[in-house]
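J.: Dropping the sequence and predicted coords here.
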Amino acid sequence: MLYEITKRIIDIVGSIILLILFSPVIIITTIVIKLSSKGPVLADIPKRVGRNGKLFRLYKFRSMIVNAHSLIRRDPRFKKLYEEYKKTNYKLHSDPRVTPIGRFIRKYSIDEIPQFVNVLRGEMSIVGPRAYFPDELKQQTKRYPQSKKYIDVVLSVRPGITGFWQVTGRSEINFDKRFEMDATYARKKSIWFDLMILLKTPWAMISGKGAV
């Protein structure tokens with residue numbers, strides 16, 4: 001109980017402070033996205049799986065063409081790309097759907113900044129497991145059956161903006177290892193572990209290592 005209360009206070013206070021600090025970046029990114037490509041500023045992505053399996057809309061700056069997530073799943077032109085997408089743990093190192101400005105904001109995790117609103121809404125935490133797509137969980141646990149045993153553990157906590165595997169290797173880590181690391185984080189439930197991850201996050205963002 002003490003952990004939950006402390007973590008929630010840190011989430012609320014931290015998100016407010018960081019949204020204020022990042023406000024110039026938010027304004028500039030909004031303007032650049034509007035001027036550089038057609039479509040909304042925020043990404044039109046499917047809902048993610050949150051705590052206890054509850055679906056929610058995750059806020060991100062749009063880094064792809066409009067309807068990118070729908071197109072790759074339904075448009076015959078992207079059939080081969082979708083197969084590659086599933087095989088590479090739902091990450092593509094050369095994704096034709098990403099806009100020029102999108103590559104930059106994804107590399108340095110600028111697209112993640114709007115998620116602090118999700119944190120304030122109680123849907124996410126600053127630190128936690130990845131917020132997975134429903135079909136991603138289904139397909140990847142089918143591909144890696146050994147990962148199924150971690151589902152309930154991972155979904156027992158709020159997903160996070162940053163997390164254990166994100167500061168360790170980001171997209172370079174395969175799904176099964178990522179999921180196992182997410183489960184390890186969920187089991188520990190430690191403020192000190194959160195602080196360790198937070199201290200590593202700025203370097204992961206600046207270096208852009210493992211980002212796609």
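T.: Received the coordinates, thanks.

J.: can you map out the helices along the protein?
T.: Per DSSP state H, the chain carries helices over the ranges 2-21, 23-36, 68-74, 79-87, 100-107, 115-120, 134-143, 151-154, 175-188, 191-207.

J.: which stretch among the ones you listed comes nearest residue 45?
T.: helix 68-74 (5.1 Å; CB to CB). C-beta coordinates here come from the backbone N, C-alpha and C atoms, glycine included.

J.: Residue 109 reaches residue 203, doesn't it?
T.: No. Counting by CB atoms under 8 Å, residue 109 stays clear of residue 203, with 11.4 Å between them.

J.: Looking at these two, which is more packed in?
T.: For residue 109 versus residue 203, neighbours defined as other CB atoms under 10 Å are more numerous around residue 109 (20 against 10).

J.: What's the per-residue pLDDT of the more buried one here?
T.: Looking at residue 109, its pLDDT is 88.

J.: That one and residue 180: what is the separation?
T.: 23 Å (CB to CB, to the nearest Å).

J.: Please apply the same query to residue 148.
T.: Counting by CB to CB, the gap from residue 148 to residue 180 is 12 Å.

J.: quick one, which of the two is more surrounded?
T.: residue 180 (21 against 12).

J.: Name the nearest residue to residue 157, sequence neighbours excluded.
T.: residue 186 (4.7 Å; CB to CB, 6 or more residues apart in numbering).

J.: which ones are touching the one you found?
T.: 128-129, 153-154, 156-157 (CB atoms under 8 Å, 6 or more residues apart in numbering).

J.: Now for the protein, the helix or strand with the poorest mean pLDDT.
T.: Least confident helix or strand, the chain: helix 79-87 with a mean of 70, by mean pLDDT, DSSP states H and E.

J.: Off-centre distance for stretch 137-147?
T.: 19 Å (CA atoms, centre = their mean, to the nearest Å).

J.: Give the rounded mean pLDDT of that stretch.
T.: Computed over stretch 137-147, the average pLDDT equals 90.

J.: residues of it that come out buried?
T.: 137, 139-141, 144, 147 (16 or more other CB atoms under 10 Å).

J.: In JSON lines: the residues you listed, plus distance to residue 21.
T.: What follows is those, written out as JSON lines (distance: CB to CB, whole Å):
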{"residue": "137", "distance to residue 21": "33"}
{"residue": "139", "distance to residue 21": "37"}
{"residue": "140", "distance to residue 21": "35"}
{"residue": "141", "distance to residue 21": "37"}
{"residue": "144", "distance to residue 21": "38"}
{"residue": "147", "distance to residue 21": "36"}
